[in-house]
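A.B. asks: just coords:
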């Protein structure tokens, strides 16, 4: 398998991509990047603010992969599945961009993230390793019971 290295674009380019992505959800918006958050070596994570034409403000988190970009696709799939299962505390995925690779999330504030709820350090990014992790994570979240109970 050949992995392509993803170069992280400028913060302004990420904000422009987020604005284009959010147009289908919020209508035309202006996105201003803000503080860079502590993140892993696999992603650059920024707080940002989107403002629509009526002046409504939407706090966001922009997450751009570093390296192969595979973690971004996996995280997108996980967020969609966990949202569909109504797992509490999951950041709402507002949109994605392929060029540049970007996840646009509703900012959940300083509350716990999915990584705070379930996290493992994987030895590699092979299909078998990711599948095994996915099974363990699903079992963990299934053990939480009702969405209102949480983990």
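C.D. replies: Thanks, I have it. As the structure is a computational prediction, the values presented were derived from the model and not from experiment.
A.B. asks: got a list of what residue 81 touches?
C.D. replies: Contacts of residue 81 were listed using C-beta atoms under 8 Å, 6 or more residues apart in numbering, and none were found. C-beta here means a position set from N, CA and C on the backbone, and glycine is covered the same way.
A.B. asks: ok so it is a helix residue?
C.D. replies: Yes: applying DSSP: H, G, I helix; E, B strand; the rest coil, one finds residue 81 inside a helix.
A.B. asks: so residue 64 is in which element?
C.D. replies: Using DSSP states H and E, residue 64 maps to strand 57-65.
A.B. asks: List the buried residues of that strand.
C.D. replies: By neighbour count on 16 or more other C-beta atoms under 10 Å, the buried set for strand 57-65 is 58, 60-65.
A.B. asks: And stretch 22-41, by the same measure?
C.D. replies: 22, 26, 29, 31, 33-34.
A.B. asks: so where is the chain shaky, pLDDT-wise?
C.D. replies: 1-8, 39-41, 67-71, 108-118, 144-151 (pLDDT under 70).
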